[in-house]
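1. Dropping the sequence and predicted coords here.
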Amino acid sequence: MIKTKNNTGNATTFSIKHNWHNAVIIPFLISVIFLSPQLPGFATPTKIKKKAISTTSSTSASKSSSKATNAASETPSTEPAPNGWTAPKATDTTLTPDEIVNVRVYKLANRSVVNISPVTEQDVFYNVEPRAPMGSGTIISSNGYVLTNYHVIEGASQIRVTLYDGTMLLAQLVGKDISNDLAVVKINPPAGKKLNTIPFGDSSRLEVGRRVFAIGNPFGLDRSMTTGVVSSLARTYRTENNRLVKGVIQTDAAINPGNSGGPLLDTAGQMIGITSGILSKAGQSAGIGLAIPVNIARRIIPELIAHHYISRPDIGLQGVETEKGLRIERIDPNGPAFKAGLSAPKVLIGTDGIYEYKWVDGSSADIITTIDNTPVHSEDDLLSYVEQKKPGQVVTLTLLRSGKPVKVQVKLTTAGPV
C-alpha cells in the first residue's frame, strides 16, 4: 500500500493487489525504465544532470566560440592552400638607414616642387586645353618666386604652375638668363596659402660619389623622386643661345623629359643643382643626367628679380675657333672691340672686264690668342672670362695681326637684355 498527498494536502491511499502478474511485470517495467539508457527517448539521471550543466554554461561557451572565430579571422591561416602554396610570412618592416634618409629628403622637399605647363599663343588661338606638364620648378621664396629652366618656359604666352595639392595658378615671367638656361617666374598664392620652399646648398663642395636625389615631373608624373650619385663634375651644358655652362653636375639619378627645372638635392634636403638635361640618343634617361650648379642660380637670381635680366659686360664681337686662336668673324660697329680698333674679315671688290665680284678676305681678321694672359681657343673661352668682369673694366687682348702678336686694351660695356 502506498500513501501520497494531493494538491489539497489530504492523504490518499492506493491499494495494489498482489497477484502473480503484478509480481512479475511491475519489477520488469521498473528495471527497463531506470536501468536501460539505450532505450530511445530515455536518459539516465546522470546524463540529465550533465545536460543541465551544459545548458547553464551555453552563454559562456558561445562567447568563447565567438572569440575563437574573431582570432581566426585576424590571424592569417597557416594551412597550405589546395595547390600546396602558402603566402610568406611578413618580415620586419623597420627602415634601413638609407631608407630613412630617402624618406626624410622626400618629405622635406616634395611639396616645394611644382608642375610647369607653358601655353603658347597658338594654344590660345586654337583654344587648346593645357598640355601635360612640360617641366618642373622649385619654389624658392614664401611669396611665390619659382626657379626653373629657361627652355621650360621658352615661347610661352602663359605659364601655368600646379602646386603639390593640385592648385593651379598663372605665373608671370620675372626674368630669364638664356646663357645659363635659367628663369624665375612668380605666382600669387591664395590668401592663407603657405608655400613650402627648399634651402640652397653649396654646389662647390660636391664630390664625385656623393648621394643625390632628383624630384620632378617626368612624363607628367608629379613629384617623382629618383636617387643616384654625383657621377662627375665640371661637365659642360650647351644652352639655347649656343653658350656653354661650365662646371655642370653629372648624375646617374634618373632624369627624364619633365624633370627639367626641378631640384637636385643632397642628403640634407638642400638644393645643390637644377636638373636641366640628359645625354641620350633615345631622349630618355640613360644614366647621364646634367644639372646646373645652384651656385650659378644663387648669383643671378637677385639680379633677375631686381632687373629682369642679367647685366653682363660686353666686348662686342663674335669669333670662330681656329688652330691659332679665336678668329674674329663679326664686330658690332657700336661695340667696344670696334672702338679699340680690332678687325674682322674685309669684303673686297674686284672687276674682271665688265663683271664685278666680291670676296671675303679672312686673312685681314685679327686672331685673339689670350685675354689678360688667359689662353683663348673658342668663343666660349672669351665670353666666360669677360662675364667675370664688370662693365667699364678694361681687358688686354693679345692678337695675331698679319702673323705678328699685338696687344690691345678694350673697355667693356654693358650688354643689353638677352
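-> Yep, it's here.

2. any idea how far the closest residue to residue 350 other than its chain neighbours is from residue 365?
-> The shortest distance from residue 350 to any non-neighbouring residue, by CB to CB, 6 or more residues apart in numbering, is to residue 357 (5.6 Å). Backbone N, C-alpha and C define where each C-beta goes, glycine included. Distance, residue 357 to residue 365, by CB to CB, to the nearest Å: 20 Å.

3. Give me the more crowded residue out of these two.
-> residue 365 (24 against 9; other CB atoms under 10 Å).

4. what's the longest strand in this structure?
-> Determined from DSSP state E, the single longest strand within the chain is strand 224-238.

5. Packing partners of the following helix or strand past that strand?
-> Downstream of strand 224-238, the next assigned helix or strand under DSSP states H and E is strand 244-251. The helices and strands touching strand 244-251, judged by 3 or more CB pairs under 8 Å, 6 or more residues apart in numbering; DSSP states H and E, are strand 211-216, strand 224-238, strand 271-278, strand 289-293, helix 379-386.

6. For residue 307, which of the ones you listed is the nearest?
-> Evaluated over the helices and strands packed on strand 244-251, closeness to residue 307 peaks at helix 379-386, with 18.9 Å, by CB to CB.

7. Mind giving me the packing neighbours of whichever helix or strand comes after the closest one?
-> Toward the C-terminus, helix 379-386 is succeeded by strand 394-401 as the next helix or strand (DSSP H and E). Here strand 394-401 touches strand 367-371, strand 404-411, going by 3+ CB pairs under 8 Å, 6+ apart.

8. neighbouring strands for the shortest one, and are they parallel or not?
-> Strand pairing for strand 367-371, using DSSP bridges, gives strand 326-331 (antiparallel), strand 374-375 (antiparallel), strand 394-401 (antiparallel).

9. which of the ones you listed sits most buried?
-> Mean neighbour count (mean count of other CB atoms under 10 Å) peaks for strand 326-331 among those, with a mean of 20.

10. Counting neighbours, show which residues of the helix or strand following that one come out buried.
-> As assigned by DSSP H and E, the chain's next helix or strand after strand 326-331 is helix 336-339. Neighbour-count burial for helix 336-339, counted by 16 or more other CB atoms under 10 Å, picks out 336-338.

11. Now do the same contact list for the residue most central in space within the chain.
-> In the chain, the C-alpha closest to the average C-alpha coordinate belongs to residue 215, at a distance of 2.0 Å (CA atoms, centre = their mean). By CB atoms under 8 Å, 6 or more residues apart in numbering, the residues touching residue 215 are 106, 109-110, 113, 136, 223-225, 262-263, 265.

12. which one in those is the model shakiest on?
-> The lowest pLDDT within these belongs to residue 223, with 81.

13. Leaving out the residues flanking it, which one is nearest to that one?
-> Counting by CB to CB, 6+ apart, the residue nearest residue 223 is residue 110, at 4.7 Å.

14. what about the one you found, which SS state?
-> Following DSSP: H, G, I helix; E, B strand; the rest coil, the label given to residue 110 is helix.

15. Relative to residue 248, how far out is it?
-> Residue 110 is 24 Å from residue 248, where distance means CB to CB.

16. what about these two, which has more around it?
-> residue 248 (21 against 16).

17. In this model residue 292 seems to touch that one, though I could be wrong.
-> Yes. At 6.2 Å, residue 248 and residue 292 qualify as touching, with contact defined as CB atoms under 8 Å.

18. who touches both of the two?
-> Residues touching both residue 248 and residue 292 (CB under 8 Å, 6+ apart) are 237, 276.

19. Thank you kindly, that will do.
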